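Colleague: fold the following, please.
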Amino acid sequence: YFCGFEQVRGAKVHECHWNNGNVYIGQYEDGMMQGFGTLICTDGSSYTGTWKKGKFHGKAKRTFCNGEIYIGHYKDGMRHGHGTYYFKNNDVYEGEWMNNEINGNGAFHKCNDAKVYRGKFSHSSKSTDAITFQR
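Modeller: Down below sits the predicted model:
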């Protein structure tokens, strides 16, 4: 593990390298990622956004190793608040999240049947009163 920094426009920007090959470039405080930064992992995943006490927290873009992408809000390391998730099969969910699950009002765009489900979702499932539209 190595972590160094340089001053950029009055702020310390750290570059940290872990033994597993992961790299973090961004703000660092009290031995943790804090503020804005980017984590690039050897499995191809990445996170660019804000951090709080070493956890994803705030607005960010996260790319997963399977190619799926989430752009939205995090709280304490989990998707929480409004966000858009792009699945590898080209489905898209845009709406509310809670504790890493689709939860609240949103729209799920199904690529394979060209339908859009709009309504309330609970624990990643659409409610029975969700409205379905043909695209």
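Colleague: quick one: the strands in this protein?
Modeller: 2-8, 11-17, 23-29, 32-40, 46-52, 55-63, 69-75, 78-86, 92-98, 101-110, 115-122, 125-126, 131-134 (DSSP state E).
Colleague: quick one: which of the ones you listed has the weakest pLDDT on average?
Modeller: Taking the mean pLDDT of each of the strands of the chain, the lowest value is held by strand 131-134, a mean of 47.
Colleague: got the strands of the chain as CSV, with mean neighbour count columns?
Modeller: Heads up, the C-betas are built off the backbone N, CA and C, glycines and all. Output for the strands of the chain, formatted as CSV (neighbours: other C-beta atoms under 10 Å):
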stretch, mean neighbour count
strand 2-8, 10
strand 11-17, 15
strand 23-29, 18
strand 32-40, 18
strand 46-52, 19
strand 55-63, 18
strand 69-75, 19
strand 78-86, 18
strand 92-98, 19
strand 101-110, 18
strand 115-122, 16
strand 125-126, 14
strand 131-134, 10
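Colleague: just want the most central residue of the chain.
Modeller: Residue closest to the mean C-alpha point of the chain, counted by C-alpha atoms, centre = their mean, is residue 62 at 4.0 Å.
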